[in-house]
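J.: Predicted model and sequence follow; I will ask about them next.
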Amino acid sequence: MTTGSLTKLPDQITFTGRILFLTEDTALIRAQLEATGDERQRLEAELAARLHGDDLPLMSNISTDEITPGWVCFYYDETLGEYVYVGMRDAAVKKDEVRQGGFAVVVSGLSKGCGSSRETAPYAEKSAGLQLVIAKSIEKIYGQNSQNIGLLTSTDFGLIERIRGGEAIPLAEFTRGLDPISRDIVGYGGLFNYNKARVAGEVTPPPVETQARPMTITEKIIARHAFVRAGEIGVAAVKPGDALFAVADVRFSHEYVTPMAESLLKQSLGPDARVTEPESVFAFRDHLTFLGKVMSPKHREMGLLEKANGLATTQEEFTTKQGIRLYGENPEGGSEAICHNAVVEDLALPGQIVIGTDSHTCMAGVLGCFAFGVGSTDMANAWFAKDIRIRVPETVRYVLKGRKRADVAAKDVMLVILASDYMKTSKGIGKVLEFAGDDLKNWPMDERATLTNMSVEAGGTTGIIEPDEATLAYIVKMRGLDAEEVRKGFTYSDADAEYADVFEIDLEAIRPMVALPGDPRNGIPIDQLASEVAIDAAYGGSCTGGKMADMDMYAEVLRNALAQGKRVAPGVHLYLQFGSQKIKQYARERGYLEIFARAGAEMIDPSCGACINAGPGASPSAETVTVSAQNRNFPGRSGPGKLYLASPYVVAASAIAGKIVEPFEFLSERMKVA
């Protein structure tokens, strides 16, 4: 079926390949991949029957790190199909097994595609021959990336028997419940085809007709940025579910993703395609700066270090040609900054829309802007059109009551939220997490940023905090901007705005937390650990744990440990990594570098590093136990070892104790009294 000159997907879709069931029991995954001949059909029928009888536990929380581990992302073409799922837990899938197995459909449990925004994940699945992803719930960015590249998704398990029976499935089954723009993108087989039809006048986004209503801060920002027509931006109001394109104020990418987005831009618009308004576009050499320090001999032999370095070279050539500001490497070592730290320190402003090719773009929501991660196709489109498609999300409001204890950090608060049944059952997917409460006024901006940064670990679109005088003071101090100009962007939720849910968090009841290996949602109070957890390494860094306030916390613990005659425990390696050169300078000016060195910590220049298994602090073996201040601990995320998540206080205290401990004894008397 065609409309004008552009081909759309057929009205009926037939799936002729096998169905791969990703099960909790990885031995069953191996059995499917190794089956031959009639055994394939018999096994598929058996697993389908067990699933129908609710007797087949499916694997949940399959992260994009498992679909395409970091090193696989050095490729950004059809080669990805050879490596799909090679990061799966228990090494359940080997190179090229899915593609050679003739699978057309893959089935799994809750939260398919959690974690990083990397579009390489669904791209690898599609390149391996998969046409359809069925899961109990599908993460927001992963689902949107799948739509953008023409990979079908569904949460309807009734499709399995229909597909096995050879039925042609109506395309409408895969667009039911989608907003009009998403429905058309699926119908055109992807975002670029849709946009070609949009430019040709063959398809038009529906107008936003929502009447004036009380709105949240996020809804107000979206309404002001809604694209109506050329030269006309902004609508009276929006409501959850409205579909539209909105103009972005800041667009950024990093070396992991820029080359793929550039390739997509050229494929769509030709080799001479130009970025629109490059002054609002930024690029970062921040993810793979220290990769050479930790890459395995096996991956070196595969030529992957050269491929990784080639990503940075390609990005630099692209930014030079397009006139884009590149945050590159620093002559003294490391990068200028991790993208998220720099966006908060230098770029984003209250009331803006910020998009980046990284799931932790949401960190900028700390400034009172609507900031969220996108995939390569979305960014390539936004480079040219400057707009981004949005389905107005619902908002969940978290009201923080009381005051947190001296030994509790924002990380502990976030781990409590993530461990709730609400988040574990995927109810946070696609929502905005709005944080409020009187005690927030006492928190430094960096601590507030931990809340917004980790909102994506709940599957949320973003996190956001209304700006206040502390926000204003921070921006003016960091950038020297005119206070009244900055204040013009301040936006607040209406008192009678509607929320999907409202939760109250009793800060005084929160104790130091730790997230058990495998998922950030595995949080428990440290005193509930089943047994003592000895550690080999402690890592304080990443965009989440490498901020100025985090350095304050590491220094607080280590200073007091030194006063007690203690240093980092024998056999433990403590890594402290700065999120930007500004943060490193902050630590230097306060004498922290001397404290860190005396305590026995290794200091690392700014870069993403260990958080993505690309720098010092990543685990070298499956036996390595690490406690980390980073944001996520999906299988294989930071190497093959066991990774616990905790606050900067806990990370530093555990490094001294040689095991995971609460930090109270290492806090100053001044803090304990406060």
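T.: Done, it's in. Numbering: from 1, shown residues only.

J.: Quick one: residues contacting Ala283.
T.: By CB atoms under 8 Å, 6 or more residues apart in numbering, the contact list for Ala283 reads 252-255, 258, 315, 318-319, 324-327. (Glycine included, C-beta is placed from N, CA and C.)

J.: And for the spatially closest residue to Tyr422 that is not a sequence neighbour, the neighbour number?
T.: Nearest residue to Tyr422, sequence neighbours excluded (CB to CB, 6 or more residues apart in numbering): Gly428, at 6.5 Å. Residues near Gly428, counting by other CB atoms under 10 Å, number 28.

J.: give me every residue that touches Gly428.
T.: 396, 422, 458-460.

J.: Restricted to strands, list those.
T.: Members of the contacts of Gly428 lying in strands (criterion: DSSP state E): Val396.

J.: May I see the contacts of Gly428 arranged in JSON lines, with pLDDT as well?
T.: Compiled in JSON lines, these are given as follows (pLDDT from 0 to 100):
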{"residue": "Val396", "pLDDT": "98"}
{"residue": "Tyr422", "pLDDT": "97"}
{"residue": "Ala458", "pLDDT": "94"}
{"residue": "Gly459", "pLDDT": "94"}
{"residue": "Gly460", "pLDDT": "96"}
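
J.: out of the contacts of Gly428, which one sits closest to Ile62?
T.: Gly459 (12.8 Å; CB to CB).

J.: For the closest one, give me phi and psi.
T.: Dihedral pair for Gly459: phi 80, psi 10, per degrees, to the nearest 10.

J.: and if you look at Ser63?
T.: phi -80, psi 160.

J.: Show me which of the contacts of Gly428 is closest to Glu469.
T.: Glu469 lies nearest to Val396 out of the contacts of Gly428, by CB to CB, at 25.6 Å.

J.: Surely that closest one is in contact with Glu498?
T.: No. If you go by CB atoms under 8 Å, Val396 and Glu498 don't touch, sitting 11.5 Å apart.

J.: And these two? Which one has more around it.
T.: Using other CB under 10 Å as the criterion, Val396 and Glu498 rank with Val396 on top: 24 against 15.

J.: longest helix of this structure?
T.: helix 304-322 (DSSP state H).

J.: elements contacting that helix?
T.: Under the contact criterion of 3 or more CB pairs under 8 Å, 6 or more residues apart in numbering; DSSP states H and E, helix 304-322 touches helix 258-269, strand 281-284, strand 325-327.

J.: Switch those over to CSV; also include distance to Lys220 and mean pLDDT.
T.: Supplementary listing: these in CSV, determined by distance: least, CB to CB, whole Å; pLDDT from 0 to 100:
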stretch, distance to Lys220, mean pLDDT
helix 258-269, 29, 93
strand 281-284, 25, 98
strand 325-327, 29, 98
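
J.: Most tightly packed of the ones you listed?
T.: Among these, the stretch with the highest mean neighbour count (mean count of other CB atoms under 10 Å) is strand 281-284, at a mean of 25.

J.: Sheet partners, orientation included, of that strand?
T.: strand 250-254 (parallel), strand 325-327 (parallel) (DSSP bridges).

J.: what is the mean pLDDT for the longest helix of the chain?
T.: Throughout helix 304-322, pLDDT has a mean value of 96.

J.: Touching that helix from outside, list them.
T.: 71, 74-75, 253-256, 258-259, 262, 274-275, 278, 281, 283, 285, 288, 291-292, 295, 299, 324-326, 328.

J.: Quick check: PyMOL command selecting the buried ones in the residues you listed.
T.: To isolate the buried members of these in PyMOL, using 16 or more other CB atoms under 10 Å:
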select buried, resi 71+74+75+253+254+255+256+258+259+262+275+278+281+283+285+288+291+295+299+324+325+326+328
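
J.: Just the C-alphas of stretch 104-123, formatted as CSV.
T.: Listed next in CSV are the C-alpha coordinates belonging to stretch 104-123 (Å, rounded to 0.1, in the frame of the first residue of the first chain):
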residue,chain,number,x,y,z
ALA,A,104,11.4,-13.3,13.8
VAL,A,105,9.8,-12.7,17.2
VAL,A,106,11.3,-12.3,20.6
VAL,A,107,9.3,-12.5,23.9
SER,A,108,10.3,-11.4,27.4
GLY,A,109,9.0,-10.0,30.7
LEU,A,110,8.8,-6.6,32.3
SER,A,111,10.8,-3.5,31.4
LYS,A,112,12.3,-4.7,28.1
GLY,A,113,15.0,-2.2,27.0
CYS,A,114,15.7,-0.5,30.4
GLY,A,115,18.8,1.5,30.8
SER,A,116,20.8,3.4,28.2
SER,A,117,19.1,5.2,25.3
ARG,A,118,21.4,3.4,22.8
GLU,A,119,19.5,2.9,19.5
THR,A,120,22.0,0.2,18.7
ALA,A,121,19.9,-2.2,20.8
PRO,A,122,16.8,-2.3,18.7
TYR,A,123,18.9,-1.8,15.6
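
J.: gap between it and the chain center?
T.: Going by CA atoms, centre = their mean, to the nearest Å, the spacing between the C-alpha centre of stretch 104-123 and its chain's C-alpha centre is 13 Å.

J.: Over to stretch 530-548?
T.: Distance of stretch 530-548 from the chain centroid (CA atoms, centre = their mean) equals 19 Å.

J.: Pull out the buried residues from it.
T.: Those would be 533, 535-548, for stretch 530-548 by 16+ other CB under 10 Å.

J.: What about those, which are in helices?
T.: In this view, the buried residues of stretch 530-548 that belong to helices under DSSP H are 542-545, 548.

J.: Any regions of the protein where pLDDT drops low?
T.: Within the chain, the segments meeting pLDDT under 70 span 1-6, 672-674.

J.: ranges for the strands of the stretch 151-300 of the chain?
T.: With strands called from DSSP state E, counting those that start in this stretch, the stretch 151-300 of the chain shows them at 152-154, 169-170, 227-229, 232-233, 243-247, 250-254, 281-284.

J.: and the first one, what does it pack onto?
T.: For strand 152-154, the helices and strands in contact under the criterion 3+ CB pairs under 8 Å, 6+ apart are strand 132-135, helix 140-149.

J.: Try it again at 7 Å.
T.: strand 132-135 (3 or more CB pairs under 7 Å, 6 or more residues apart in numbering; DSSP states H and E).

J.: Can you list the strands that the strand it packs on pairs with?
T.: Take DSSP bridges as the rule and strand 132-135 pairs in its sheet with strand 103-108 (parallel), strand 152-154 (parallel).

J.: Run a quick neighbour tally on Ser493.
T.: With other CB under 10 Å as criterion, Ser493 counts 21.

J.: Any chance of the backbone angles for the residue positioned nearest the centre of the chain?
T.: Centroid-nearest residue in the chain: Ser359, 2.6 Å away (criterion: CA atoms, centre = their mean). With angles defined as degrees, to the nearest 10, Ser359 sits at phi -60, psi -30.

J.: residue contacts, it?
T.: Neighbouring residues of Ser359 by CB atoms under 7 Å, 6 or more residues apart in numbering: 115-117, 141, 373, 456.

J.: cool, Pro525 as well?
T.: Shown in contact with Pro525 (CB under 7 Å, 6+ apart): 511-513.

J.: Then Asp179?
T.: Asp179 neighbours (CB under 7 Å, 6+ apart): 241, 243, 391.

J.: gap between it and Pro206?
T.: Here Asp179 is placed at a distance of 9 Å from Pro206 (CB to CB, to the nearest Å).

J.: From Pro331, how far off is Ala622?
T.: 37 Å.

J.: of those two, who's got more company?
T.: Neighbour count, other CB under 10 Å: between Ala622 and Pro331, Ala622 has more, with 9 against 5.

J.: thought that one was touching Pro640?
T.: Yes. If you go by CB atoms under 7 Å, Ala622 and Pro640 touch, sitting 4.4 Å apart.

J.: picking that back up, tabulate the strands of the stretch 151-300 of the chain (a markdown table), appending distance to Asp527.
T.: Output for these, formatted as a markdown table (distance: least, CB to CB, whole Å):
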| stretch | distance to Asp527 |
| --- | --- |
| strand 152-154 | 41 |
| strand 169-170 | 51 |
| strand 227-229 | 52 |
| strand 232-233 | 53 |
| strand 243-247 | 46 |
| strand 250-254 | 39 |
| strand 281-284 | 39 |
